[in-house]
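# Provide a 3D model corresponding to the input given below.
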Amino acid sequence: MHVLMETSAGNITIELFHGSAPDTVANFVKLVEDGFYDGLHFHRVIEDFMIQGGDPDSRGAAPSMRLGMGGPGYTIPAEILPQFIHTKGMLAAARRPDAVNPDKQSSGSQFYIVHGAPVNPQMLEMFNNQRAGKFTYTAEQMAEYAATKGTPNLDGDYTIFGQMIDGFEVLDAIAAMQVDRANRPLQDVAMKVKLLN
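Here you go, the predicted structure:
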């Protein structure tokens, strides 16, 4: 299953992992079908890290308004699988911090797309040691990070439920935008999301 994100910066095509994160994908698809995302903005953008959207409060928000706390009023159980890592272009569900969300439940609507920074093997070994066996990178995953960018510090903590297959230049353009102190783009980046199949 694929979705098209039409943004004011260009289009992004994403493949959803329905078989691996069925609850997260089913919720996302329902919101897309309901038009929930249409007119929302990418409200948090950090170059070399990620771009985040899905806050309903972003629709028509004043430039000074702080965003990032809105949602549909529910969360989704975590569907975190070790085979999915935060390489560039991965789609994942945002969530509240562990201190108030120990089960790592996902936001009902907010998501992010990984932009990422260069990753070296020493960094991955450090994360392997910090996680004390809870999550260990395979040789294939280490090669994936070597071939692209990513945010390995997020691995094992967030539900990844899709990956970009087209529009990487749009991801780069959004990530490079000027932002305010809250990492909100100075120029709003609106989206419209629709199912392709």
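# Mind naming the longest helix for the chain?
When the chain is parsed with DSSP state H, its longest helix is helix 22-33.
# contacts for that helix?
1, 3, 16-18, 37, 72, 76-77, 79, 93, 106, 108-109, 111, 159, 161-162, 193-195 (Cβ atoms under 8 Å, 6 or more residues apart in numbering). Where C-beta positions appear, they are placed from N, C-alpha and C, glycine not excepted.
# For ChimeraX, what selects the buried ones among those?
Of these, the buried ones go into a single ChimeraX selection, burial set by 16 or more other Cβ atoms under 10 Å:
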select :3,16,17,37,72,76,79,93,106,108,109,111,159,161,162,193
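# Looking at the contacts of helix 22-33, which are in helices?
Those of the contacts of helix 22-33 lying in helices (DSSP H): none at all.
# next one: the helix-or-strand element of the chain with minimal mean pLDDT to chain centre, how far?
Lowest by mean pLDDT, DSSP states H and E among the helices and strands of the chain is helix 121-130, with a mean of 88. Using Cα atoms, centre = their mean, to the nearest Å, the distance from the centre of helix 121-130 to the centre of the chain it belongs to is 22 Å.
# Quick check: the gap between Ile80 and Lys134.
Per Cβ to Cβ, to the nearest Å, Ile80 is found 11 Å from Lys134.
# Please disregard the earlier target; I meant Gln141.
Distance from Gln141 to Lys134, by Cβ to Cβ: 15 Å.
# Please identify which of the two sits among more neighbours.
Legend: neighbour count by other Cβ atoms under 10 Å for Gln141 and Lys134, higher for Gln141 (19 against 9).
# a strand runs through the more buried one, doesn't it?
No: going by DSSP: H, G, I helix; E, B strand; the rest coil, the assignment for Gln141 is helix, not a strand.
# Now do the contacts for it.
Ile85.
# which ones among the contacts of helix 22-33 are found in strands?
When DSSP state E defines the strands, the subset of the contacts of helix 22-33 inside them is 3, 16, 76, 93, 106, 108-109, 111, 161-162, 193-195.
# Spatially nearest residue to His2, not counting backbone neighbours?
Nearest non-adjacent residue to His2, counting by Cβ to Cβ, 6 or more residues apart in numbering: Leu196, 4.2 Å away.
# Convert the C-alpha atoms of stretch 58-70 to CSV, please.
Taking Å, rounded to 0.1, in the frame of the first residue of the first chain, the C-alpha atoms of stretch 58-70 are listed here in CSV:
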residue,chain,number,x,y,z
SER,A,58,-1.1,23.3,12.7
ARG,A,59,-4.0,23.9,10.3
GLY,A,60,-4.2,27.6,10.0
ALA,A,61,-1.9,28.2,13.0
ALA,A,62,-0.6,31.6,13.6
PRO,A,63,3.2,32.0,13.1
SER,A,64,3.9,32.4,16.9
MET,A,65,1.8,29.4,17.9
ARG,A,66,3.6,26.5,19.6
LEU,A,67,2.8,23.2,17.9
GLY,A,68,3.4,19.5,18.6
MET,A,69,0.8,18.6,21.3
GLY,A,70,-2.3,18.1,19.1
